[in-house]
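A.B. asks: Just to be clear, the model below is a prediction. Sequence and coordinates:
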Amino acid sequence: MASLPATFRDETTKIHLEHTALMQMLDDLDFALDQLVCYSEVYANLKSIDDVHRYAFRLAEHLPEHFTREEASVLDTVARISPELLELAHACKRQHDELRRDLVVFCRALDNYDNSTDLEDALCQLKEQGTRFTAELKQHVQMEERELGGFL
Ligand SMILES: [Fe+2]
Ligand SMILES: [Fe+2]
């Protein structure tokens, strides 16, 4: 088995703690999305859309850095251990690319929704898009905790 770098344990502990923080951020975002009601009287909805905006952008601040560090410190290391872990590392990186892209698209939609001619439809789409994103990211984090559990 390939030997692990001396810093590996510290790095994996950090990644595990970041997963816990990410799941909390996703719960906050899910809660705000739940409060978002799909109707056109947007001013009544201002507080929840502000919360969704704040939590999504907080996530956008932290997620790319988490992915980059996870790839460099954990995935690239475990990929050298076995063909199965190499395949898992590739799958995780592919999901990172998709999740990064989906979060950028979601944040852009949040910045632009009030330019829409149909606010009700725009809010419904935001809610659906956001809920899909949080579910996908939660699944990704849970999969890593499960599959990399021996390392994290
Ligand atoms: Fe990941
Ligand atoms: Fe992760």
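C.D. replies: Looks like it came in fine. Everything numeric in this text was worked out from a predicted model, so none of it was measured. Numbering: from 1, shown residues only. Ligands and ions are numbered 1, 2, ... in the order given.

A.B. asks: Next SSE downstream of the host helix or strand of residue 108?
C.D. replies: Element membership for residue 108 (DSSP states H and E) is helix 83-112. Note on helix 83-112: by DSSP H and E, the next helix or strand toward the C-terminus is helix 119-147.

A.B. asks: And that following helix, what's buried?
C.D. replies: 119, 122-123, 126-127, 130, 133-134, 137, 140-141, 144, 147 (16 or more other Cβ atoms under 10 Å). For glycine as for every other residue, the C-beta is placed from the backbone atoms N, C-alpha and C.

A.B. asks: now, which of the residues you listed lie close to ligand 2?
C.D. replies: Counting by Cβ under 5 Å from the ion, residue 144 from the buried residues of helix 119-147 sit close to ligand 2.

A.B. asks: related to what we said a few turns ago, and the helix holding residue 108, what does it pack onto?
C.D. replies: helix 46-70, helix 76-78, helix 119-147 (3 or more Cβ pairs under 8 Å, 6 or more residues apart in numbering; DSSP states H and E).

A.B. asks: what about residue 23, which SS state?
C.D. replies: Classification of residue 23 by DSSP: H, G, I helix; E, B strand; the rest coil places it in helix.

A.B. asks: quick one: contacts for the residue nearest to it when sequence neighbours are not counted?
C.D. replies: In this structure, residue 23 finds its nearest non-sequential neighbour in residue 141, 6.2 Å apart by Cβ to Cβ, 6 or more residues apart in numbering. Shown in contact with residue 141 (Cβ atoms under 8 Å, 6 or more residues apart in numbering): 19, 22-23.

A.B. asks: Before I go, just wanted to say thanks for your time.
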